[in-house]
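Enquirer: fold the following.
(2 chains)
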Amino acid sequence: MNAVGDSEYAITVRNLGYQYERSTEPALFDVSLQVRPGECFGLLGPNGAGKTTLLSILTGMLPIQVGEVAVAGHPLSQRLAVQRLSAIVPQDFAFYPALTGLENLNFFAGLYGLQGSAKQARVAQAAVTCRLDDVLNKPAETYSGGIKRRLNLAIGLLNNPKILYLDEPTVGIDAQSRKFILEAIKALKSEGMTIVYTSHYMEEVQAICDELAIIDHGKMVLRSNLAALLNEQELLLDVALREEPSPQQIANLAHLGRCEVTGMRLKLRLTSSDIGLETLLRELKSAGLATRQIQYGMNRLEDIYLSITNDELRE
Amino acid sequence: MTSLLAVLHKEFLLLFRDLHGLLLMFAMPVAFIVIMSLAMQQNFAALGGAKLEVIVHDHAANSDSAILMENLSKGGAFEFISHPDETAAELAARVRRDEAAFLLTVTALPETDDAGNTLATRLLVAPGVNKQTEAIFAAAMREILRGLKVEKMLAEFEDSLGGGDESLEELAAVLLEVDYAYESGQQQPPTAVQQNVPAWLVFAMFFVVVPLSNTLIKERQFGTLRRLRTIAVSPIYLVLGKLIPYFFIMQLQVACMLAVGVFLIPLLGGDSLALGSSWAGLLLMAATVSIAALGYAVFIAAIARTTEQATTLGGAGNIILAALGGIMVPRFLMPPVMQEIGQLSPMCWGLEGFLDILLRNGGLALVWPKALGLTVFGVALTIMALHVMQRARQV
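Expert: Alright, predicted model coming up:
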């Protein structure tokens, strides 16, 4: 691993640990990761896993107790430098509902030290990126959930950050708003912005992230390139049958891979990725199985995530 | 500096859009001042020399009772009226209805008794008369009756000796001058408005706890405070940016309440508020009560988790501080122990400071100890609040 202050990486975290007062368990334990500039890094984990603690340390809200962290080559002790380079879009609507969208943007731009035409330009750019032009002069409390999410994102763009932390930026909004925000994030990424993205929506992470880490009980349980992770998985044939299969019918498919049957549902984890869909359909027919619906391909990220975090309910 | 200006601008916008907070800070004290000043005007008028009515039923109707009536009316504190057409029962009914404070019935004795009395007097006390007033009136009556007897005896003595150089009236005169214990020679007793404006003004200023703690707690609940902490801006700017607009609003509050006392109350039939003679003292008290109230508000915001908790804690705390500090019940009516305890309330220091200026006509020299106490209280609570918030990583 390179030195923590090496600016080759946008973010370097080494052996990070954190324990809250009055807590018996560490919120983070020996977490290490690196994020390259311009990368979209997905941070996954169940509620209470330690994601927010990690983001809080990265953004300077919590101090480092154990380990080392550097952001764009600056150790976190250089708090002002780190905070100027980054911004967070929290899960909460972290703005003032009684103020208009424009007043909110102007206030946060002022906090970043912007003034005059520079401030106007930055506010206008953030508003355009998040398509807020039509609602800027209305009180934020009158906005729909989707517009509030867009304002939340726009505030995060005001200091033109090199690194943007997005904490579940699409929670609780409709499909159209979610699609818009994901497109906006993709556009920011294409402009070279480094993005750290937490979400419980696996399809979003699958759609926009390059790299992935899963944290559970404060420990990093997986760190991988997303495409490589998905490619490593077994091919899966998931079949909804018209009637329950007999043991003999299941036995006839055993040479293709491992069979799991639940009622009229059959999951076949293939031993070889060379077995094509045509072959599989032929085998199903010759085993006398009538099918209603078939899914064929790699495991979804959600399946991988659930298998790694043990499926169990956390709260 | 740009950051501080941004916070100030934002806070002013939020403040002027918080209708409930503004109503609490302006409408509530105006209502209190108007209602209490007008409602208590009668009590304070009595303090200021307005006369209590006494119905006299003169059964005797002789020269002795005429002298008695003449002497009674010289007292000044009571107004004696008679209803010659009404019966004793009708007059008693008037007193029972509190139309007058007392019914004084004077009857002639058939003959002078052993003590030399020629008249018998009986007092009927109205239900609304307190023990203190009753005692004062009874004492005044005894004094007059005793004086009449002495006068009569002296007259008889004078007749027997053939007169002297000095008149009886001169001989009976006593050397007693009455002065009022107000600063700078003010010789007017307090009016209801003079007592109520500072009391409810101080009370209202401490109610800044509700809007201020609400905005702080909402910032915390909405995650805005968390976002602010990720921005490279000094926490001191964030705190100052919040306190300065409220400080400004509280000075407006003081000006507004004083204006109510000076201009509105007289229009409604009450007395006008006299502002004393020390503008510097008044400004110092306005500033230091604001500092104390802001410190209290920030502290409540720091220890409360929800706006409901802050409103309950802050509101209940205010009422207790007000009750102890002489806002609701004047401290001079409290027993000595309660008066001592009341001195622990910062509202007491604020009220006494304002009364020093408005009532006792004092200045900076009189109010600075109270102003210092209020400043220390406000600063200490602000530091404690920042410590609590830093421990909870809110600033």
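
Enquirer: ok, the closest residue to A:E243 other than its chain neighbours to chain B distance?
Expert: In this structure, A:E243 finds its nearest non-sequential neighbour in A:M264, 6.4 Å apart by C-beta to C-beta, 6 or more residues apart in numbering or on different chains. Where you see a C-beta, it was placed from the backbone N, CA and C, and this is true even at glycine. Distance of A:M264 to chain B, given as C-beta to the nearest C-beta, to the nearest Å: 46 Å.

Enquirer: who's in contact with A:M264?
Expert: Going by C-beta atoms under 8 Å, 6 or more residues apart in numbering or on different chains, A:M264 touches A:A240, A:L241, A:R242, A:E243, A:E244.

Enquirer: which one of those residues sits closest to chain B?
Expert: Of all the contacts of A:M264, chain B sits closest to A:A240, with 43.0 Å by C-beta to the nearest C-beta.

Enquirer: test my guess that the closest one contacts A:T291.
Expert: Yes. A:A240 is in contact with A:T291 according to C-beta atoms under 8 Å; the separation is 7.0 Å.

Enquirer: check contacts around the closest residue to chain A within the stretch 201-350 of chain B.
Expert: Relative to chain A, the nearest point of the stretch 201-350 of chain B is B:G223 (2.9 Å; C-beta to the nearest C-beta). Counting by C-beta under 8 Å, 6+ apart, B:G223 makes contact with A:P90, A:Q91, A:D92, A:F93, A:A94.

Enquirer: please enumerate the strands of chain A.
Expert: Along chain A, counting by DSSP state E, strands occupy A:11-18, A:28-35, A:40-44, A:66-71, A:74-75, A:86-89, A:163-167, A:194-198, A:211-216, A:219-225, A:235-241, A:257-262, A:265-270, A:291-298.

Enquirer: switch those strands over to JSON lines; also include mean neighbour count and mean pLDDT.
Expert: Formatted as JSON lines, these follow (neighbours: other C-beta atoms under 10 Å in any protein chain shown; pLDDT from 0 to 100):
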{"stretch": "strand A:11-18", "mean neighbour count": "20", "mean pLDDT": "93"}
{"stretch": "strand A:28-35", "mean neighbour count": "20", "mean pLDDT": "92"}
{"stretch": "strand A:40-44", "mean neighbour count": "25", "mean pLDDT": "92"}
{"stretch": "strand A:66-71", "mean neighbour count": "20", "mean pLDDT": "92"}
{"stretch": "strand A:74-75", "mean neighbour count": "18", "mean pLDDT": "89"}
{"stretch": "strand A:86-89", "mean neighbour count": "26", "mean pLDDT": "92"}
{"stretch": "strand A:163-167", "mean neighbour count": "24", "mean pLDDT": "93"}
{"stretch": "strand A:194-198", "mean neighbour count": "25", "mean pLDDT": "93"}
{"stretch": "strand A:211-216", "mean neighbour count": "23", "mean pLDDT": "89"}
{"stretch": "strand A:219-225", "mean neighbour count": "16", "mean pLDDT": "84"}
{"stretch": "strand A:235-241", "mean neighbour count": "19", "mean pLDDT": "85"}
{"stretch": "strand A:257-262", "mean neighbour count": "14", "mean pLDDT": "86"}
{"stretch": "strand A:265-270", "mean neighbour count": "18", "mean pLDDT": "85"}
{"stretch": "strand A:291-298", "mean neighbour count": "13", "mean pLDDT": "82"}
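
Enquirer: I'd like those strands laid out as CSV, including distance to B:A138.
Expert: Output for the strands of chain A, formatted as CSV (distance: least, C-beta to C-beta, whole Å):
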stretch, distance to B:A138
strand A:11-18, 80
strand A:28-35, 83
strand A:40-44, 87
strand A:66-71, 84
strand A:74-75, 87
strand A:86-89, 79
strand A:163-167, 80
strand A:194-198, 84
strand A:211-216, 87
strand A:219-225, 89
strand A:235-241, 104
strand A:257-262, 100
strand A:265-270, 102
strand A:291-298, 104
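
Enquirer: what's the closest of the ones you listed to B:V298?
Expert: Closest to B:V298 of the strands of chain A, according to C-beta to C-beta: strand A:86-89, at 25.5 Å.

Enquirer: for residue 11, what are its contacts?
Expert: I went with chain A, as the question did not name one. A:L33, A:Q34, A:V35, A:F41, A:L58, A:V69, A:A70, A:V71, A:A72, A:I163, A:T194, A:V196.

Enquirer: I was after chain B.
Expert: B:T215, B:G241, B:K242, B:I244, B:P245, B:Y246.

Enquirer: partner residues bridging the residue nearest to A:V239 when sequence neighbours are not counted?
Expert: Among residues not flanking A:V239 along the chain, A:L266 sits closest, at 4.6 Å (C-beta to C-beta, 6+ apart). With DSSP bridges as the criterion, A:L266 is bridged to A:V239, A:V261.

Enquirer: doesn't A:P245 make contact with A:L266?
Expert: Yes. If you go by C-beta under 8 Å, A:L266 and A:P245 touch, sitting 6.3 Å apart.

Enquirer: which neighbours do the two share?
Expert: A:L289.

Enquirer: circling back to that earlier point, separation between the residue nearest to A:V239 and chain B?
Expert: Distance from A:L266 to chain B, by C-beta to the nearest C-beta: 46 Å.

Enquirer: got a list of what that residue touches?
Expert: Contacts of A:L266 by C-beta under 8 Å, 6+ apart are A:L237, A:D238, A:V239, A:L241, A:P245, A:I250, A:C259, A:E260, A:L289.

Enquirer: tell me the pLDDT of the fifth one.
Expert: Note for A:P245: predicted pLDDT of 89.

Enquirer: apart from its neighbours in sequence, what residue is nearest A:N159?
Expert: Spatially, and ignoring its direct neighbours in sequence, A:N159 is nearest to A:Y112 (4.4 Å; C-beta to C-beta, 6+ apart).

Enquirer: now for A:R242, how many residues are close by?
Expert: 9 (other C-beta atoms under 10 Å in any protein chain shown).

Enquirer: ok, it touching A:A290?
Expert: Yes. Contact criterion C-beta under 8 Å: A:R242 and A:A290 qualify, at 4.1 Å.

Enquirer: ok so, going back, nearest to B:P198, of the strands of chain A?
Expert: The nearest among the strands of chain A, by C-beta to C-beta, is strand A:86-89 at 48.0 Å.

Enquirer: distance of B:A39 from B:L359?
Expert: 19 Å (C-beta to C-beta, to the nearest Å).

Enquirer: out of these two, which sits in the busier spot?
Expert: Between B:A39 and B:L359, B:L359 has the larger neighbour count (other C-beta under 10 Å), namely 21 against 12.

Enquirer: what residues sit buried inside the longest helix along chain B?
Expert: The longest helix of chain B (DSSP state H) is helix B:131-161. Under the neighbour-count criterion of 16 or more other C-beta atoms under 10 Å in any protein chain shown, helix B:131-161 has B:T133, B:F137, B:M141, B:I144, B:L145, B:L148, B:E151 buried.

Enquirer: and what of stretch B:384-393?
Expert: Within stretch B:384-393, the residues that qualify as buried are B:A385, B:L386, B:V388, B:M389, counting by 16+ other C-beta under 10 Å.

Enquirer: please apply the same query to stretch B:365-382.
Expert: So, applying 16+ other C-beta under 10 Å, buried residues of stretch B:365-382: B:L366, B:V367, B:W368, B:K370, B:A371, B:G373, B:L374, B:T375, B:F377, B:G378, B:L381, B:T382.

Enquirer: residues in contact with stretch A:99-108?
Expert: Residues contacting stretch A:99-108 (C-beta under 8 Å, 6+ apart): A:95-96, A:119, A:123, A:126-127, A:132, A:135-140, A:143, A:147, A:151, A:154-155, A:158, B:6-7, B:9-10, B:13-14, B:17, B:231.
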